[in-house]
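> Okay, sequence plus prediction incoming.
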Amino acid sequence: MKCIKKIIVLLMAFVMVTGCQTNPESSKPGTIKEINIDKMVEKFDNEDTFVVMITQTDCGYCKDFHELLDNWLPTHNLTIYEVNLDHEENATPNDNLARIRPYFSNFKYTPSVYYVKGGEFVSDLNPQVQTITESMLNQWIRQNNIL
């Protein structure tokens with residue numbers, strides 16, 4: 001009987017110790033990885049699940065969103081792919097628009113943030129007001145079960 005009690009106590013202790021540990025994956029910081037439109041199309045073709053933001057270098061709203069992400073990503077394990085339209089070689093704004101619209105038909109301005117699941121567009125974070133706030137980002141992440 002004492003042996004059974006010891007086993008039960010040890011099992012309970014084991015469950016308590018392992019159950020209270022944090023998941024190392026969730027404590028990793030997130031990142032922004034720059035890709036071009038070709039790589040974004042490849043991710044669609046591969047049926048990847050990802051978040052992508054479309055930006056421009058001199059866009060003030062894009063700079064504000066980058067500042068928000070600089071503070072937000074260290075505590076959120078999410079990779080956000082960034083397509084900076086200014087870094088597309090030999091492409092005019094109309095060229096970029098023609099290449100993006102088949103994937104994101106509502107693309108109008110930067111920054112635009114999209115969630116793609118299994119190679120299919122699911123949702124965007126493109127508020128009517130141009131400034132994306134942390135609470136808007138958190139709500140969008142929750143609504144789409146991204147994290």
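In hand now; what should we look at? Residues are numbered from 1 along each chain as shown.

> Now do Y61 against E120, distance only.
27 Å (C-beta to C-beta, to the nearest Å). For glycine as for every other residue, the C-beta is placed from the backbone atoms N, C-alpha and C.

> would you list every one of the helices in the chain?
For the chain, helices defined by DSSP state H occupy the ranges 2-19, 37-45, 60-72, 93-100, 134-143.

> So for the closest residue to T55 other than its chain neighbours, what's the pLDDT?
What sits nearest to T55 in space, not counting adjacent residues and going by C-beta to C-beta, 6 or more residues apart in numbering, is C62, at 4.1 Å. On pLDDT, C62 comes in at 94.

> again, but for the one 4 residues further on
Each residue has a pLDDT score; the one for H66 is 97.

> Contacts only, for it.
Contact partners of H66, counting by C-beta atoms under 8 Å, 6 or more residues apart in numbering, are I32, T55.

> likewise the one 3 residues further on?
Counting by C-beta under 8 Å, 6+ apart, L69 makes contact with G30, I32, I80.

> what's the answer for V83, then?
E34, I35, N36, I37, M40, V52, M53, I54, T55, I100.

> Just the buried ones from the residues you listed, in ChimeraX syntax?
Filtering the contacts of V83 down to the buried ones (16 or more other C-beta atoms under 10 Å) takes a single ChimeraX command:
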select :35,36,37,40,52,53,54,55,100
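
> What is the nearest of the contacts of V83 to S112?
I54 (4.7 Å; C-beta to C-beta).

> what's across from the closest one in the sheet?
Beta-bridge partners recorded for I54 (DSSP bridges): V83, S112.

> any idea how far it lies from N145?
22 Å.

> cool, Y109 as well?
26 Å.

> Neighbour count for the two, which is higher?
Between Y109 and N145, counting by other C-beta atoms under 10 Å, Y109 is the more crowded of the two (12 against 9).

> give me phi/psi at that one?
The phi/psi pair for Y109 (degrees, to the nearest 10) reads phi -150, psi 170.

> just the one 10 residues further on next, same as before
Taking degrees, to the nearest 10, you get phi 80, psi 10 for the backbone angles of G119.
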